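Whatever this is, show me its structure:
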Amino acid sequence: MLSCDNIFLQGVFFMFAKIYDTEIKIDYKQVDGFNRYLDDIMAEYHQSMEEGLDVEKHKALFESVAALKNGEIKTKMSDAIYELVINSKIRSDYKYNEPNKLKEIKALRKPYDYKSAVQDEETLRKKILGAWTGRACGCLLGKPVEGIRSNELIPFLKETGNYPMHRYILSTDITKDVCTHYKFSFMNKPYGDNVDGMPVDDDTNYVVMAQQIIEQFDKDFEPEDVANAWLRYQSVYSYFTAERIAYINFLNCIEPPASAMYKNVCREWIGAQIRGDYFGYICPGEPEKAAEMAYNDACISHVKNGIYGEMFISAMIAIAAVNDNIDDIILGGLAEIPTTSRLYQAVMKIYDNYKKGATLEEAFNYIHSEYDEHTDHGWCHSISNAMIVVAALLYGEGDFGKSICTAVGFAFDTDCNGATVGSILGMRGGIDCIDDCWKKPINNKIHTSLFGIEAVDIEKAVDKTMEHIKL
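Predicted coordinates:
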């Protein structure tokens, strides 16, 4: 089943139809979301508005095209929408300055000073082990409820005696009643009592892949190296949202950074934000270097705040290796992204509100008022989920279990946020800060979907990470 909107190729099809006396038809049915642009026209509208593009006057056009049935007309009209977007100018009243180029990003940063403690090799190894393990624990905590919305997550947690969340969801929590009175499907999910190691998940795949990229290209890898690694190590079905769009763009010879922009309605979503941990792992005390590597990774699939999200997380992890102060970790991470960005200002709002005495419930309500979890765009955006990560770090008060549970309890992208918070706090406190109840299901093992890498022994991955720190 093929979907083609290229006029030249349609002409080629017609030529071959004449030669071989065969009618060649274009099937416009969607195959596993491979043409997301066609399906998410309104996401493009909201994304463009948030970027400050002057498209509001065309809202009725977006809505009309979005309402069309998939087919030739909608495909051609979506092409017209894309042309309209890429030729739109920034509104004169737009208050943000959000560049895509690294040099311009660096020019808009605000320095932040913090104290660094030099770690001996044994202590650093424990921190790296904590980061790898913490990411897996946080991911497993959120994975069974990935995609649930808070209006069902909170009642479910209350019904199962897990509210406020304080433990893994267990298979024994999933009774017949639970399965019948929630819209969300709890069946056939990995739970804390039915796994042997961290199950396959994109949040952990990317850490393993980043290690492979560094092993092959060292710390000075280029965006094109990342793109080639994606094609080499996984099938397209292992990628989602912006990553899947970029992957398809690679196959169509659209190279970075254009691969992040062409028909990519997910260009500021969370995908890059979950990919940067390893660059923090191998740059302890060097947040700028970690952020630079995160940039080279992010720019193949994301723009603006999608890029900044990965830079922010990588920098926080690099700082957590040498400083255990939560404020320093957050503010030091923010020092690597533009102060003029939506992400910076949204995170600072959460931070400032916390310092003014806002409760966890107030933080929950604020984030949910700013981003609509019932839309893919709101649920999966880098900013909404980065706000949750920061809130979990602050309200979790440095406690590993409390923090990952807080992250998942916000709903939105539960496994991604649990994994990121677990990674940061695992690095901050080392493996000893993670109680056995969290570590036991992981069993020192991460399963992957990477070609030739069925499972990763975490201890061995840590050994390799220590080697990469010295590169």
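
For stretch 443-461, measure first residue to last.
14 Å (CA to CA, to the nearest Å).

any idea of the mean pLDDT in it?
The average pLDDT within stretch 443-461 is 97.

same deal with stretch 397-407?
98.

For that stretch, which outside residues touch it?
134, 137-138, 141-142, 164-166, 324, 326, 360, 388-389, 391-393, 395-396, 414, 417-418, 420-422, 425-426, 428-429, 433-435, 437-438 (CB atoms under 8 Å, 6 or more residues apart in numbering). The way it works is simple: take the backbone N, C-alpha and C, and place the C-beta from them, glycine included.

Please list the members of those residues that lie in helices.
134, 137-138, 141-142, 326, 360, 388-389, 391-393, 395, 414, 417-418, 420-422, 425-426, 428-429, 437-438 (DSSP state H).

Generate the PyMOL command that creates a selection of the buried members of those residues.
To isolate the buried ones among those in PyMOL, judged by 16 or more other CB atoms under 10 Å, type:
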select buried, resi 134+137+138+141+142+326+360+388+389+391+392+393+395+414+417+418+420+421+422+425+426+428+429+438
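
the strands in this structure, which residues?
445-450, 453-457 (DSSP state E).

got the contact list for the nearest residue to residue 379 once chain neighbours are set aside?
Nearest non-adjacent residue to residue 379, counting by CB to CB, 6 or more residues apart in numbering: residue 373, 4.8 Å away. Listed by CB under 8 Å, 6+ apart, the contact set of residue 373 reads 149, 150, 379, 384, 411, 412.

Pull out the buried residues from these.
149, 379, 384, 411, 412.

ok, now which ones touch residue 312?
273, 291, 333, 334, 336, 337, 343, 347, 386.

Now with 7 Å, please.
By CB atoms under 7 Å, 6 or more residues apart in numbering, the contact list for residue 312 reads 333, 334, 336, 337, 343, 386.

quick one: low-confidence parts of this protein?
1-33 (pLDDT under 70).

try 90
In the predicted model, the chain carries pLDDT under 90 at residues 1-36, 38-39, 70-72, 177, 179.

and the nearest residue to residue 245 once chain neighbours are set aside, how many neighbours?
Nearest residue to residue 245, sequence neighbours excluded (CB to CB, 6+ apart): residue 264, at 4.7 Å. Residue 264 has 28 neighbours, counted by other CB atoms under 10 Å.

returning to that earlier point: tabulate the buried ones among the contacts of residue 373 (a markdown table), appending distance to residue 95.
What follows is the buried ones among the contacts of residue 373, written out as a markdown table (distance: CB to CB, whole Å):
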| residue | distance to residue 95 |
| --- | --- |
| 149 | 31 |
| 379 | 25 |
| 384 | 19 |
| 411 | 29 |
| 412 | 25 |
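
Taking those together, which two end up most distant?
Greatest spacing in the buried ones among the contacts of residue 373, by CB to CB: 149 and 384 (12.9 Å).

first vs last residue of stretch 269-282, how far apart are they?
Stretch 269-282: ends 25 Å apart by CA to CA.

what does stretch 155-174 rub up against?
Here stretch 155-174 has contacts from 140-141, 144-145, 154, 178, 182, 186, 191-194, 401, 405, 408-409, 437, 441, using CB under 7 Å, 6+ apart.

centre of the chain versus it, how much separation?
The chain centroid and the centroid of stretch 155-174 are separated by 25 Å, computed with CA atoms, centre = their mean, to the nearest Å.

Okay, buried residues for that stretch please.
156, 157, 160, 162, 165, 168, 169, 173, 174.

who's in contact with the closest residue to residue 348 other than its chain neighbours?
Leaving out its chain neighbours, the residue that sits closest to residue 348 by CB to CB, 6+ apart is residue 334, at 7.2 Å. Counting by CB under 7 Å, 6+ apart, residue 334 touches 312, 344, 347.

possible to save those as JSON lines with distance to residue 445?
Formatted as JSON lines, the contacts of residue 334 follow (distance: CB to CB, whole Å):
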{"residue": "312", "distance to residue 445": "29"}
{"residue": "344", "distance to residue 445": "37"}
{"residue": "347", "distance to residue 445": "33"}
